[in-house]
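Novice: Prediction below, plus the sequence it came from.
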Amino acid sequence: MSVRVDAKGKIFTDVIHKDQVPALIQTRTNLIHGHIFLRSGVRLKDDFNNNADQFIAVTDAQVFSANGQVLTQARFLTVNKAHIIWVRPEDPTEDSEPAEG
């Protein structure tokens, strides 16, 4: 990413366009349903492995317990990548709640 500073000291950086992707995220203790953001044309795996950020942003998040109960909802949530077991991009036409059981 390039950074430019004008004569008055204002900092300019490149804009990185990302796509909003509905996803299920399994952490060590909970299942999270929400939207994650991926750079256009980049695979989910590559974005997770090659990005130095420790956290990922999740919007419109619902956090489910092991028995499928909604524990909390948040418009914005950050999740530590070290706590993620798996991530599955979701088909927008699928039911938004995880299966019971």
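Specialist: Great, that's in hand. Residues are numbered from 1 along each chain as shown.

Novice: My guess is Gln20 contacts Arg39. True?
Specialist: No: judged on C-beta atoms under 8 Å, Gln20 makes no contact with Arg39 at a distance of 11.8 Å. For every residue, glycine as well, the C-beta is placed using N, CA and C.

Novice: Mind telling me what element Asp53 is part of?
Specialist: In the assignment (DSSP states H and E), Asp53 maps to no helix and no strand.

Novice: Bridged to Thr27, which residues?
Specialist: Ile84 (DSSP bridges).

Novice: Model confidence score at it, please.
Specialist: Listed pLDDT for Thr27 reads 96.

Novice: Give me the neighbour count for it.
Specialist: For Thr27, the tally of surrounding residues (other C-beta atoms under 10 Å) stands at 16.

Novice: just checking, it touches Lys81?
Specialist: No: between Thr27 and Lys81 there is no contact under C-beta under 8 Å: 10.1 Å.
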